[in-house]
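Novice: Pasting a predicted model and its sequence here:
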Amino acid sequence: MGRFYSDTLEEGVRLIYFQADPALFPQGVKLVEQAVVAGEPDAYYYLARCYAWEDGNVEGDERKAKELYKKGIALGSDLCVLGADRMGALNEEMKAVMVRSLRESYDAVLKMAEAGDPMAQYTVGLFYFWGDMLFRFQKPSKEEFDRCEKENAQVALKWFCRSAEQGCIPAFRNAFNGMRGGINSIPKDPKEALRWAESVKDKVDMRDYYYSMVVEYQRLKDYGNANRWCRVGMEVGDSSCIVSLGLVYLEGDKGLPMDEKEALRLFGLAAENGNEYGYYNMGRCYYNGWGCAQDYRQAVEYFKKARDLGHTTADMFLSRCYYYGRGVQQDQLTAFRLAKALRDKEQDYPREILGLCYLNGIGTMPDYALARSLFEQAGTGYYASCIGLGDIYSKGLGVEEDIQKAVSYYENAASRGNAEASERMKQFKKTIFGKWKRR
């Protein structure tokens, strides 16, 4: 990083900003605290950042951050001046203890950046990226604002890239996300973001961004590189990458052949790491018999573990399991509650199960119109939708009775081997004129 700080502070900064193992963050924070106790002015900037932005996984505390910035400013830290300004805390009280003006402090930090300090480079990048340069110094006219903003975005990107090339992770984050998403007037260019990220992959600890690389390559349908980064992530136990590769094998349409057993193995690895998506997809495999014998009891166990970790989509399958008694004691009231809770939260939910509940008055008063709407939304790919719609038209529940339409729905499900639909079909017979009627 260069000799801008004491050995203690430099090592602390390295552990917080230049490596991605959270287990080492506390050691980095402790070293920064030691530099603060020793009275090193710029140490106050880094410790204040920890409290202001939760760097190093420190619990945020705005009051502490402001106190640290103020003390660092009084000791002559130019980084603290820019840090307080970025936080919106550079009030009159702060200005009263400033040794230099904001412009002079910026120039001092810029000189550090030009001399090669990556954290100063990152800080200068932030000054341009978030508009401090625009609103504090440039103050362009309305006619010049857009041009100036775009030019500043390029300057910010330049400094972020220079900092990242020396291993600064937050600088990499801002450069990569800025290019891939077009943030703050940086031109959106996912291909350039990936090209640049590939160019610095040996210089910066990118382990928190392996999955982002996967996602961007998948969006571009560059599945070879997407799968390559999945395997890079697997090497460090990145569960998101492991699950993503598992989905590729499960679907068999993204650069690799379908292999349900390999997908199951990969989901299991992610589940062993406590990953909610690993548990959820293990549940899906056992529920459907993908790569294994169908086992509803096992599926329910995995779905419950996924739900306990916050994966609400698991409740879709649990609702179906409770409704039909698959792998768990049948409890249609619980099935209704799970499905309705998902719907109330505007999350994806099992429409066919909720439709059956509204059709049959399970946990609620019957609502035939809503039931029909839910079945139609779910689609006839679900047996339950076919049977529910068949019952509605067969019995004239909220609609005019239509035996022909009812039978067409039952036939749809029966033709795919559904026994319940086949039983419904026994209620009807064809006339010599080809019309369906009740027996």
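Specialist: Yep, it's here.
Novice: shouldn't residue 16 be in contact with residue 28?
Specialist: Yes - at 4.0 Å, residue 16 counts as touching residue 28 under the criterion of CB atoms under 8 Å. C-beta: built from backbone N, CA, C; applies to glycine.
Novice: residues shared between the contacts of these two?
Specialist: residue 56 (CB atoms under 8 Å, 6 or more residues apart in numbering).
Novice: Around the closest residue to residue 97 other than its chain neighbours, how many other residues sit close by?
Specialist: Leaving out its chain neighbours, the residue that sits closest to residue 97 by CB to CB, 6 or more residues apart in numbering is residue 74, at 4.2 Å. Neighbour count of residue 74, defined by other CB atoms under 10 Å: 16.
Novice: Check the one 10 residues further on too.
Specialist: Around residue 84 there are 28 other residues, counting by other CB under 10 Å.
Novice: Which per-residue confidence value corresponds to it?
Specialist: According to the prediction, residue 84 has pLDDT 96.
Novice: Which elements pack onto the helix or strand containing it?
Specialist: Taking DSSP states H and E as the criterion, residue 84 maps to helix 78-87. Packing partners of helix 78-87 (3 or more CB pairs under 8 Å, 6 or more residues apart in numbering; DSSP states H and E): helix 41-53, helix 62-74, helix 102-114, helix 118-129, helix 132.
Novice: Let's have those in CSV, adding mean pLDDT and distance to residue 173.
Specialist: Shown next, in CSV, are the helices and strands packed on helix 78-87 (pLDDT from 0 to 100; distance: least, CB to CB, whole Å):
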stretch, mean pLDDT, distance to residue 173
helix 41-53, 98, 12
helix 62-74, 97, 20
helix 102-114, 97, 18
helix 118-129, 98, 10
helix 132, 94, 19
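Novice: returning to what we had before: chain center to the helix holding residue 84: distance?
Specialist: 30 Å (CA atoms, centre = their mean, to the nearest Å).
Novice: Show which residues not belonging to it make contact with it.
Specialist: 41-42, 44-45, 48-49, 52, 62, 65-66, 68-70, 72-73, 90, 94, 98, 100, 102, 104-106, 108-109, 112, 119-120, 123, 126-127, 130, 132, 136.
Novice: Go through the helix or strand that that helix is followed by and flag the buried ones.
Specialist: Counting by DSSP H and E, the next helix or strand C-terminal to helix 78-87 is helix 92-95. Neighbour-count burial for helix 92-95, counted by 16 or more other CB atoms under 10 Å, picks out residue 94.
Novice: and if you look at stretch 307-319?
Specialist: Neighbour-count burial for stretch 307-319 [16+ other CB under 10 Å]: 307, 311, 312, 313, 314, 315, 316, 317, 318, 319.
Novice: ditto for stretch 12-31
Specialist: 12, 13, 14, 15, 16, 17, 18, 19, 25, 28, 29, 31.
Novice: So which of those belong to helices?
Specialist: Secondary structure from DSSP state H places 12, 13, 14, 15, 16, 17, 25, 28, 29, 31 of these in helices.
Novice: What pLDDT is listed against the third one?
Specialist: What that stands for is residue 14. On the pLDDT scale, residue 14 gets 98.
Novice: Just say helix, strand or coil for residue 4.
Specialist: coil (DSSP: H, G, I helix; E, B strand; the rest coil).
Novice: surely it meets residue 112?
Specialist: Yes - taking CB under 8 Å as the definition, residue 4 is a contact partner of residue 112 at 6.0 Å.
Novice: any common contacting residues for those two?
Specialist: residue 120.
Novice: quick one: which of these two has more around it?
Specialist: residue 112 (20 against 17).
Novice: tell me the contacts of the more buried one?
Specialist: Residue 112 neighbours (CB under 8 Å, 6+ apart): 4, 78, 120.
Novice: now those residues as JSON lines including distance to residue 214?
Specialist: Shown next, in JSON lines, are the contacts of residue 112 (distance: CB to CB, whole Å):
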{"residue": "4", "distance to residue 214": "36"}
{"residue": "78", "distance to residue 214": "40"}
{"residue": "120", "distance to residue 214": "32"}
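Novice: and which of the residues you listed is nearest to residue 347?
Specialist: residue 120 (44.7 Å; CB to CB).
Novice: Quickly note the distance from that closest one to residue 351.
Specialist: Separation of residue 120 from residue 351 (CB to CB, to the nearest Å): 55 Å.
Novice: between those two, who's got more neighbours?
Specialist: For residue 120 versus residue 351, neighbours defined as other CB under 10 Å are more numerous around residue 120 (26 against 22).
Novice: The more buried one and residue 4 touch, don't they?
Specialist: Yes - Residue 120 is in contact with residue 4 according to CB under 8 Å; the separation is 7.3 Å.
Novice: in stretch 94-104, what's buried?
Specialist: So stretch 94-104, judged by 16+ other CB under 10 Å, has buried residues 94, 98, 102.
Novice: mind listing what the second one touches?
Specialist: The one in question is residue 98. Counting by CB under 8 Å, 6+ apart, residue 98 has contacts 73, 81, 105.
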